[in-house]
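Peer 1: Next comes the sequence, and after it the predicted model I'd like to discuss.
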There are 2 protein chains.
Amino acid sequence: MPGGPGTIPTMSSPDEARRARHGGSRGPARVGSANLRDVAARAGVSPATASRVFGGSRSVHADTRAKVLAAADELGYVVNGLARAMTGRGPGTVAFVVRSMIGPTFASLAAGAESVATANGHLLLISTTEGDRQRESDLIATLREQRARAVLYVGSTESDPEFDARVSGYAEDLADVDASLVLCGRPPVVGAPAIVSVDYDHRAGVGAGVDELVRLGHTRIGYLGAGRGMTTAELRLDGYRTAMTRNRLPHAKDLVRVAANSEDAGEAAARELLSMAARPTAIVAMTDNIAVGAYRAARALGLRIPDDLSIVGFDDVPFVADLTPGLTTVRPPFYEVGVRAARIALGVEPAENVLLQPSFIRRDSTAPPAEM
Amino acid sequence: MPGGPGTIPTMSSPDEARRARHGGSRGPARVGSANLRDVAARAGVSPATASRVFGGSRSVHADTRAKVLAAADELGYVVNGLARAMTGRGPGTVAFVVRSMIGPTFASLAAGAESVATANGHLLLISTTEGDRQRESDLIATLREQRARAVLYVGSTESDPEFDARVSGYAEDLADVDASLVLCGRPPVVGAPAIVSVDYDHRAGVGAGVDELVRLGHTRIGYLGAGRGMTTAELRLDGYRTAMTRNRLPHAKDLVRVAANSEDAGEAAARELLSMAARPTAIVAMTDNIAVGAYRAARALGLRIPDDLSIVGFDDVPFVADLTPGLTTVRPPFYEVGVRAARIALGVEPAENVLLQPSFIRRDSTAPPAEM
DNA sequence: CTGAAAGCGCTTACAG
DNA sequence: CTGAAAGCGCTTACAG
């Protein structure tokens, strides 16, 4: 059997000649560069038949199949998924577009999305935008060209008409190439109800925190969080306001302090809030980051948690359970958001908006106010 | 201008007829389904010329270019990156293969890798193996077929000959299709020195912790961590042993307790360690997770940190700075590991093993022993 | 600067 | 079950 395994390849075989043409003079012919035609030739069958053994639906005679497989093995053949994809076969990709990978949201959400992508034979592409519009639109363009099957647009985003128009444009562009766009971790876009959103209930999460504090007897409850501009910030602040109103509690402007999502910003804002004449006895923070900032401020001001000050966070980031005291917070169903979003994007599940409920995690940073 | 923008498409145009052939009867012809030939036809040029305006290197007359661009715009043309990739152009992908996305390592490493992938015009693919061999090898096979340019094999892995053989096989298989494999966050594979590893110095990291404790006056220093089987566990344990020996300190077997990487396991192991007759005055933990378990055990046993017990962690996960007391720990350069690995995988940087140094983060969980 | 032709590697009706 | 042919959509020498 000329050219079989173990024999030294010679230039006399057509396969080798072909490979030499491609590979130039970099030593022995590369194994992986054989194509379907090479395999077919070596097995003595047509490319069509060879193709059928690697993925064709119709049946191939067992002997033929064996010959082809043997030839493929000898040649180190690896089917070219790129070529295959051109005819609509092969794994498609689902893309995960996110502002940044750092943060509590990302890993769980991505893990959820990946699990369904994999289960459906797709690969997961992850790209960050860093909030850069140009980069974002370049990315969408690339994803269109690569014929991604679905794109998950993840996380809090700007809450303004410009954004809505932009994302609507993405959805249309993507639809042109039969790709779907689903929002996850942010609410539906006003004016583009056709774009599905898989989100969790930010408002209800914050509301649960307020309700718990009210139940404990607090009446002066402050809020720390970012202001307008991003969906998450607005929804959570709105959750606070709505809950305060529902509980017939005052929420004067000075009870709400703006803090970006970081420990330092949280600490600074908490210091202000706690320096008020009639300081609040409890704080609801937009995020655990900010809540931890509030812990620092309380410590700096000699306030004990929860005796002098109750604090509620949001996100249930790892380790906040081990703070002293353990942080009472709200846990969003990140993994589940990723799962549902991917399922919808892939058409496994009907394309309807989903609003998942977070869980309220009661720990030791909340207690009745000292005055009681 | 027949068929121009704004006019209703009719079946009389060849483009439309063609599209109807494809799209069947689902309403108006889809915009994105035009191909290069359609664009060329509409612009009155050859496909070759049209191709040149979208990516060809050679110059095209401005007027011609404008005509082609206009036609493309009218037809909603989106170049097919899959077809383009077949001829070697278009963005390649770099794949990130990891056991799980959950954990401190993942996000930063991925972010680092993504930044260089993007900078080099590549897309980042992320897949988890969940430690499943079958899934892992299926994944490598898929990546070969998709002609990934590089794969980053991330994180701690089994430290046995079977693994080494397996990963060597992957490297060879990948090399067949001109893809590189680089290990990151784990040491080189014995017996396969050609596979590049980008890692950080686990041993030195743990050693720094031990040295600090010795400097503070501790002599009975315990260690909590997983045992044999995974590279990270072995390296960190070895770092402890080496440092103890270097400092001429005893490290009898009972000072080393096995704990899986979780808070619960850490707590259980710490309880054992602290129940010894001559209990250690300090603990070095393989990870922050385990260190936090030790915090719990200390609290449960009424031991004050750092007065009665010093603790050093590893990983510098978010929020351990805000524990009470703040955790002294070791910070690995995760982002940098991702960056360097991707650079090497993409050939931007020479293919040599890299061993980055972690930083020692001194906080408040370490102090001289009470006995002093 | 532009076009005709061949090619990239695979798949899929259409005939046998 | 198998093959010849046409096709997927793009690119690239090779000529002009």
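Peer 2: It's in. Numbers count the residues shown, from 1 in each chain, chains lettered A, B, ... in the order given.

Peer 1: hey, let's count contacts and neighbours off CA atoms from now on
Peer 2: Noted.

Peer 1: Quickly note the distance from the closest residue to chain B within the stretch 201-350 of chain A to A:Ser365.
Peer 2: Closest residue of the stretch 201-350 of chain A to chain B, C-alpha to the nearest C-alpha: A:Leu323 (4.9 Å). Distance, A:Leu323 to A:Ser365, by C-alpha to C-alpha, to the nearest Å: 9 Å.

Peer 1: just A:Ile140 next, same as before
Peer 2: In terms of C-alpha to C-alpha, A:Ile140 sits 43 Å off from A:Ser365.

Peer 1: So for these two, which residue has more residues nearby?
Peer 2: Ranked by neighbour count (other C-alpha atoms under 10 Å in any protein chain shown), A:Ile140 and A:Ser365 place A:Ser365 first, with 24 against 20.

Peer 1: In the stretch 151-300 of chain A, what residue comes closest to chain B?
Peer 2: For the stretch 151-300 of chain A, C-alpha to the nearest C-alpha, closest residue to chain B: A:Asp176, 4.5 Å.

Peer 1: My guess is that residue contacts B:Ser33. True?
Peer 2: Yes. Taking contacts as C-alpha atoms under 8 Å, A:Asp176 lies within contact range of B:Ser33: 7.4 Å.

Peer 1: so what sits against both of these two?
Peer 2: B:Gly76 (C-alpha atoms under 8 Å, 6 or more residues apart in numbering or on different chains).

Peer 1: Among the two, which residue is more densely surrounded?
Peer 2: Remark: of A:Asp176 and B:Ser33, B:Ser33 carries more neighbours, 21 against 18, as counted by other C-alpha under 10 Å.

Peer 1: Touching, that one and A:Asp178? I think so.
Peer 2: No. Contact criterion C-alpha under 8 Å: B:Ser33 and A:Asp178 do not qualify, at 9.2 Å.

Peer 1: ok, for A:Ile290, nearest residue in space, not its chain neighbours?
Peer 2: A:Gly266 (4.2 Å; C-alpha to C-alpha, 6 or more residues apart in numbering or on different chains).

Peer 1: how many other residues sit next to A:Val196?
Peer 2: 23.

Peer 1: got the contact list for it?
Peer 2: So A:Val196 contacts A:181-183, A:188, A:351-353 (C-alpha under 8 Å, 6+ apart).

Peer 1: Check the residue lying closest to A:Ser359 once chain neighbours are set aside and give its pLDDT.
Peer 2: If the residues on either side of it in the chain are set aside, A:Ser359 comes closest to A:Arg331, at 5.0 Å by C-alpha to C-alpha, 6+ apart. If you check A:Arg331, the pLDDT there is 98.

Peer 1: Report the contact partners of A:Arg331.
Peer 2: The contact partners of A:Arg331, taken as C-alpha under 8 Å, 6+ apart, are A:314-316, A:358-361.

Peer 1: List phi and psi for it.
Peer 2: Per-residue torsions, A:Arg331: phi -110, psi 110 (degrees, to the nearest 10).

Peer 1: Next, work out how far apart it and A:Leu356 are.
Peer 2: 11 Å.

Peer 1: can you pull out the strands in the stretch 101-250 of chain A?
Peer 2: Listed in chain order, the strands of the stretch 101-250 of chain A (DSSP state E, counting those that start in this stretch) span residues A:123-128, A:150-154, A:180-184, A:196-200, A:221-225.

Peer 1: what comes into contact with the second one?
Peer 2: This means strand A:150-154. Against strand A:150-154 from outside (C-alpha under 8 Å, 6+ apart): A:93-99, A:179-186, A:341-342, A:345-346.

Peer 1: For A:Ala192, list the residues it contacts.
Peer 2: A:Ala192 neighbours (C-alpha under 8 Å, 6+ apart): A:164, A:168.

Peer 1: Mind checking what secondary structure A:Thr329 has?
Peer 2: Following DSSP: H, G, I helix; E, B strand; the rest coil, A:Thr329 is assigned to strand.

Peer 1: now A:Val292
Peer 2: Once three-state DSSP is applied, A:Val292 turns out helix.

Peer 1: Quick check: residues of the stretch 201-350 of chain A near chain B?
Peer 2: Counting by C-alpha under 8 Å from any C-alpha of the partner chain, the positions of the stretch 201-350 of chain A adjacent to chain B are A:292, A:318-320, A:322-324.

Peer 1: Pick out whichever of those residues sits closest to B:Met276.
Peer 2: Taking C-alpha to C-alpha as the measure, B:Met276 lies nearest A:Asp322 of those, at 25.0 Å.

Peer 1: Strands - which of the contacts of A:Arg331 land there?
Peer 2: Using DSSP state E, the subset of those located in strands is A:359-361.

Peer 1: Nearest residue to A:Ile344 in space, please, no chain neighbours.
Peer 2: Nearest residue to A:Ile344, sequence neighbours excluded (C-alpha to C-alpha, 6+ apart): A:Ala351, at 5.5 Å.

Peer 1: distance of A:Asp176 from B:Gly326?
Peer 2: According to C-alpha to C-alpha, A:Asp176 stands 53 Å off from B:Gly326.

Peer 1: err, A:Ala294, not the other one
Peer 2: Taken as C-alpha to C-alpha, the span from A:Ala294 to B:Gly326 is 16 Å.

Peer 1: So for those two, which sits in the more crowded spot?
Peer 2: Higher neighbour count among A:Ala294 and B:Gly326: A:Ala294, with 31 against 18, using other C-alpha under 10 Å.

Peer 1: Please list all residues in contact with the residue of the stretch 151-300 of chain A found nearest DNA strand D.
Peer 2: Relative to DNA strand D, the nearest point of the stretch 151-300 of chain A is A:Val177 (10.8 Å; C-alpha to the nearest atom of the strand). When contacts are counted by C-alpha under 8 Å, 6+ apart, A:Val177 touches A:144, A:147, B:32-33, B:78.

Peer 1: for these, which one is nearest DNA strand C?
Peer 2: Distances from DNA strand C to the contacts of A:Val177, taken by C-alpha to the nearest atom of the strand, are shortest for A:Arg147, at 15.1 Å.

Peer 1: Wait, that closest one touches B:Ala83, no?
Peer 2: No. The pair A:Arg147 / B:Ala83 is not scored as a contact, 10.4 Å apart, by C-alpha under 8 Å.

Peer 1: Among the two, which residue is more densely surrounded?
Peer 2: Counted by other C-alpha under 10 Å, A:Arg147 and B:Ala83 do not tie: A:Arg147 has more neighbours, with 24 against 19.

Peer 1: Skipping adjacent residues, who's closest to the more buried one in space?
Peer 2: A:Val177 is the one closest to A:Arg147 (C-alpha to C-alpha, 6+ apart), at 6.7 Å.

Peer 1: roughly how far apart are that neighbour and B:Val337?
Peer 2: A:Val177 is 36 Å from B:Val337, by C-alpha to C-alpha.

Peer 1: can you check A:Gly88 too?
Peer 2: Where B:Val337 is concerned, A:Gly88 sits at a distance of 37 Å (C-alpha to C-alpha).

Peer 1: Out of these two, name the residue with the larger neighbour count.
Peer 2: The residue with more neighbours, out of A:Gly88 and B:Val337, is B:Val337; 26 against 11, by other C-alpha under 10 Å.

Peer 1: That one: what secondary structure?
Peer 2: Going by three-state DSSP: B:Val337 is helix.

Peer 1: A:Ala148: neighbour count?
Peer 2: Taking other C-alpha under 10 Å as the neighbour definition, A:Ala148 ends up with a count of 24.

Peer 1: residues touching it, list them.
Peer 2: By C-alpha under 8 Å, 6+ apart, the contact list for A:Ala148 reads A:92-95, A:179.

Peer 1: List, one by one, the residues from chain A near DNA strand C.
Peer 2: Within chain A, the positions adjacent to DNA strand C are A:33, A:35-37, A:47-49, A:51-52, A:54-57, A:78-81, A:83-84, A:86-89 by C-alpha under 7 Å from any atom of the strand.

Peer 1: Got a quick ChimeraX command for the buried subset of those?
Peer 2: A single ChimeraX command selects the buried members of those (16 or more other C-alpha atoms under 10 Å in any protein chain shown):
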select /A:33,35,36,37,47,49,51,78,79,80,81,83,84,86
